[in-house]
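S.K.: My questions concern the predicted model and sequence given below.
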Amino acid sequence: MTDTYDTIRSVLTGSFLVPEAELGPEATLEQLELDSLALAEFALILDERLGVKIDSEHATRTTTLAEVTEYVDTLRTSATVTAP
């Protein structure tokens, strides 16, 4: 996986105290016990760390870590392409 995935794992273990053993690409945010408030905070932290705004539709309780990673990588790539 990418450095984005590593950052997401770091946020989940550090800020949300999700055990490392529970993390995997197919784990959903619901399985990691993130409620709606935690999802909003998760998106904010990723924005601060990675410089991308995550739409709420891309960080729902049924979203997997692989899907979040893919979406964030897409945003980061498009931001790099459109940067002057």
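M.R.: Nice, I can see it.
S.K.: Report pLDDT for residue 10.
M.R.: Looking at residue 10, its pLDDT stands at 97.
S.K.: likewise residue 77?
M.R.: At residue 77, pLDDT is 88.
S.K.: which outside residues touch the host helix or strand of it?
M.R.: For residue 77, the host element (DSSP states H and E) is helix 65-82. Helix 65-82 is contacted from outside by 1-2, 4-5, 8-9, 23-27, 29, 46, 50-54, 58-59, using CB atoms under 8 Å, 6 or more residues apart in numbering. Just so you know, the C-beta spots here come from the backbone N, C-alpha and C atoms, and that holds for glycine as well.
S.K.: Which PyMOL command selects the buried ones in these?
M.R.: Applying 16 or more other CB atoms under 10 Å to those, the buried members can be selected in PyMOL as follows:
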select buried, resi 4+5+8+9+23+29+46+50+52+54+58+59
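S.K.: can you give me the helices in the protein?
M.R.: Remark: helices assigned in the chain by DSSP state H are 3-15, 36-50, 65-82.
S.K.: hey, least reliable of these by pLDDT?
M.R.: Ranked by mean pLDDT, the helices of the chain bottom out at helix 65-82, with a mean of 86.
S.K.: starting at the chain centroid, how far to that one?
M.R.: In terms of CA atoms, centre = their mean, to the nearest Å, the centre of helix 65-82 is found 10 Å from the chain centre.
S.K.: now that helix against helix 3-15, angle please.
M.R.: Orientation of helix 65-82 against helix 3-15 (axes from the mean of the first three to the mean of the last three CA atoms, to 10 degrees) gives an angle of 120 degrees.
S.K.: CA atoms only for helix 65-82 - export them in CSV, please.
M.R.: Provided in CSV are the C-alpha atoms of helix 65-82 (Å, rounded to 0.1, in the frame of the first residue of the first chain):
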residue,chain,number,x,y,z
LEU,A,65,-9.5,1.6,4.5
ALA,A,66,-8.5,0.6,1.0
GLU,A,67,-11.3,2.8,-0.4
VAL,A,68,-10.3,5.8,1.8
THR,A,69,-6.7,5.3,0.7
GLU,A,70,-7.6,5.2,-3.0
TYR,A,71,-9.8,8.3,-2.7
VAL,A,72,-7.2,10.3,-0.9
ASP,A,73,-4.5,9.2,-3.3
THR,A,74,-6.7,10.4,-6.2
LEU,A,75,-7.2,13.7,-4.5
ARG,A,76,-3.5,14.1,-3.8
THR,A,77,-2.6,13.2,-7.4
SER,A,78,-5.1,15.7,-8.8
ALA,A,79,-3.9,18.4,-6.4
THR,A,80,-0.3,17.8,-7.7
VAL,A,81,-1.4,18.0,-11.3
THR,A,82,-3.4,21.2,-10.9
